[in-house]
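> Build me a model:
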Amino acid sequence: MSGIRRKMVISFMYIILITVIILEIFFITGIRSNYYNNLEETLFNQLETSKDIYVRYFSDSTLQENIVNNVDTFWKQTSAQVEILDQNGNVLMNSHGALGDYKTEDVVKALKGEKGSWIGHVPYDTEKVMAASFPLVVDSQQIGVLRFIAS
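The predicted structure follows:
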């Protein structure tokens, strides 16, 4: 192959390779973003449903009494890990039995009365997880935080 023809072929190959790599990065980023957004929306929908059930049927008792008496009600509707936290951020109940005292940004937001989400690693698992937290409000007073975690 002559010198110019070879240089042209190599240049075109680099352009094609760089274009494919850039498109792949955009494609992977788009899929990841779509997956995270859908998972977050699903968790928030499930949290909203669980919160409504709690307020409608269990708000006449304290949060601690409901955990003792009706613990399975909180995770019947979801396959996600369920945590219930008190107003200080202490875990009162975890559906997987992993109790810990860690405050991620979703918990901090929920303790302030806002819904929040977080993506990261938890100490009891090697996989990356997404957590969504929602404040439990009864009679305009926040009594705790409901948190769903999915891998």
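> Show me what the helix ranked longest in the chain is packed up against.
Among the segments of the chain that qualify as a helix by DSSP state H, the longest is helix 3-53. When contacts are defined as 3 or more CB pairs under 8 Å, 6 or more residues apart in numbering; DSSP states H and E, helix 3-53 packs onto strand 116-121, strand 128-138, strand 141-150. C-beta coordinates here come from the backbone N, C-alpha and C atoms, glycine included.
> Pairing partners for the longest one, with directions?
So the one you mean is strand 128-138. strand 116-121 (antiparallel), strand 141-150 (antiparallel) (DSSP bridges).
> so how far is residue 93 from the residue lying closest to residue 132 once chain neighbours are set aside?
The shortest distance from residue 132 to any residue other than its chain neighbours is 3.7 Å, reached at residue 43 (CB to CB, 6 or more residues apart in numbering). Using CB to CB, to the nearest Å, residue 43 is found at 17 Å from residue 93.
> neighbour count winner among those two?
The residue with more neighbours, out of residue 43 and residue 93, is residue 43; 24 against 19, by other CB atoms under 10 Å.
> Give the residue spans of this protein that score low on pLDDT.
Where the chain drops to pLDDT under 70, the residues are 1, 70-77, 98-102.
> what's the next secondary structure element after the helix or strand encompassing residue 92?
According to DSSP states H and E, residue 92 maps onto strand 91-94. Downstream of strand 91-94, the first helix or strand assigned by DSSP H and E is helix 105-111.
> out of the strands paired with strand 128-138, deepest packed?
Neighbour counts (mean count of other CB atoms under 10 Å) averaged over each of the strands paired with strand 128-138 peak at strand 141-150, with a mean of 21.
> Check the offset of it from the chain's centre.
Its chain's average C-alpha position is 12 Å from that of strand 141-150, according to CA atoms, centre = their mean, to the nearest Å.
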